[in-house]
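Visitor: 3D model of this:
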Amino acid sequence: MQIISDAKVHGGRQGVYTIESDACGCDMTFAVFVPPQAKEQLCPVLWYLSGLTCTHANVMDKGEYRRMAAEHGLIIVCPDTSPRGDHVPDDASWQLGKGAAFYLDATEEPWSANFRMESHIIDELSAVIAGHFPADMSRQGIFGHSMGGHGALTLALRHPDRFKSCSAFAPIVQPSTANWSVGALTAYLGPDQAAWRGHDATLLIADGARFPEFLVDQGKSDQYLETGLMPWLFEDACRKAGIPLTYRLHEGYDHSYNFISTFMDDHLAWHASRLAQA
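Guide: You can find the predicted model right below:
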């Protein structure tokens, strides 16, 4: 693990690191905030997954999470959104390729050699966090925004024994029908839509996946609400499955980090209360 940067903030440390990733076949960058409580005890881990076109840095620079994370004693891990490097395949569309890996393991060429973000997060990067940071890996939560909200919901549903809490900002809840994700699922997983079901939050629930509860915040003025996000589909899936969902629709808020930073404190407090009981 190589240290790219390290700084004191709110009594803790904000670092940026790289590792040689076997899962993704390239160097992968990630950010970790360690709260001041970690000097004396292991702390719960909260993963934040960013959206399309983002890197680890977007939430680190704009998300305003460190003050509340320091207050609650949360380690915040921010992976990149995709593999990077000259040899990594890419596409001219911002909805496919670098910055748009959708937090799954691709099965189709040329993507399958590098685009293995689920393995990177669940296996590889988790081992790095456990080995190099004062992390209580028995208490992990996950949240994210947009494509990262999709990732948080699907990874929680796919790994309910790993994660104890899950929330999302403006998630893509049904990527199998959303206008900005159908192309990516086709490229990464092939044209057989049966293979997509395991990476679609609403369909995972329909197929029997369960999680204790979810928190979802959505801006009512989000430009992607009607064709890309469609949160009512997730509401319906949770209702039919009997999964508790706190869904909040906020007047006037859009898809940007202005929205995310406004409600970041709420999400961190929500996760902290659940991870404290885990």
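Visitor: Assign residue 47 to helix, strand or coil.
Guide: For residue 47, the secondary structure call by DSSP: H, G, I helix; E, B strand; the rest coil comes out as strand.
Visitor: Count residues in the vicinity of it, would you?
Guide: 28 (other CB atoms under 10 Å). (Glycine included, C-beta is placed from N, CA and C.)
Visitor: Strands along the stretch 51-200 of the chain, start to end?
Guide: Taking DSSP state E, counting those that start in this stretch to define them, one finds strands in the stretch 51-200 of the chain at 75-79, 135-145, 165-169.
Visitor: Give me the sheet partners of the first one and which way each runs.
Guide: If I follow you right, that is strand 75-79. strand 26-34 (antiparallel), strand 43-49 (parallel) (DSSP bridges).
Visitor: quick one: that strand to chain centroid distance?
Guide: Centroid displacement of strand 75-79 relative to its chain, using CA atoms, centre = their mean, to the nearest Å, is 10 Å.
Visitor: So that it lines up with my notes, have the first residue be 175 from now on.
Guide: OK, 175 is where the count begins now, so the last one is strand 249-253.
Visitor: From the rest of the structure, what touches that strand?
Guide: 202, 204-209, 212, 217-224, 230, 233-234, 239-240, 243, 291, 294-295, 299, 303, 307-309 (CB atoms under 8 Å, 6 or more residues apart in numbering).
Visitor: Any of those residues buried? List them.
Guide: Those of the contacts of strand 249-253 that meet the buried threshold are 202, 204-209, 212, 217-224, 230, 233-234, 239-240, 243, 291, 294-295, 299, 303, 307, 309, by 16 or more other CB atoms under 10 Å.
Visitor: In terms of helix, strand or coil, where does the nearest residue to residue 180 once chain neighbours are set aside fall?
Guide: Leaving aside its sequence neighbours, residue 180 sits nearest to residue 189 (CB to CB, 6 or more residues apart in numbering; 4.5 Å). When the structure is split into helix, strand and coil by three-state DSSP, residue 189 lands in strand.
Visitor: CA atoms only: put the lengthiest helix in the chain into CSV for me.
Guide: Longest helix of the chain, by residue count under DSSP state H: helix 431-451. Listed in CSV are the C-alpha atoms of helix 431-451, where the atom choice follows Å, rounded to 0.1, in the frame of the first residue of the first chain:
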residue,chain,number,x,y,z
TYR,A,431,-23.1,17.3,-4.1
ASN,A,432,-25.1,20.3,-2.8
PHE,A,433,-27.8,17.8,-2.1
ILE,A,434,-25.5,15.1,-0.8
SER,A,435,-23.6,17.4,1.6
THR,A,436,-26.9,18.7,3.0
PHE,A,437,-28.1,15.3,4.2
MET,A,438,-24.7,13.7,4.8
ASP,A,439,-24.9,14.3,8.6
ASP,A,440,-28.3,12.4,8.7
HIS,A,441,-26.8,9.4,6.9
LEU,A,442,-23.7,9.2,9.1
ALA,A,443,-25.8,9.5,12.3
TRP,A,444,-28.2,6.8,10.9
HIS,A,445,-25.4,4.4,10.2
ALA,A,446,-23.6,5.2,13.5
SER,A,447,-26.7,4.2,15.5
ARG,A,448,-27.0,0.9,13.7
LEU,A,449,-23.4,0.0,13.7
ALA,A,450,-23.2,0.7,17.4
GLN,A,451,-25.8,-2.0,18.0
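Visitor: tell me what it is packed against?
Guide: strand 217-223, helix 231-236, helix 240-246, strand 309-319, strand 339-343, strand 388-393, strand 419-424 (3 or more CB pairs under 8 Å, 6 or more residues apart in numbering; DSSP states H and E).
Visitor: how about a cut-off of 7 Å?
Guide: On a contact count with 3 or more CB pairs under 7 Å, 6 or more residues apart in numbering; DSSP states H and E, helix 431-451 meets helix 231-236, helix 240-246, strand 309-319, strand 339-343, strand 388-393.
Visitor: what's the burial count for the closest residue to residue 289 other than its chain neighbours?
Guide: Leaving aside its sequence neighbours, residue 289 sits nearest to residue 280 (CB to CB, 6+ apart; 4.0 Å). Applying other CB under 10 Å, we find 23 other residues in the vicinity of residue 280.
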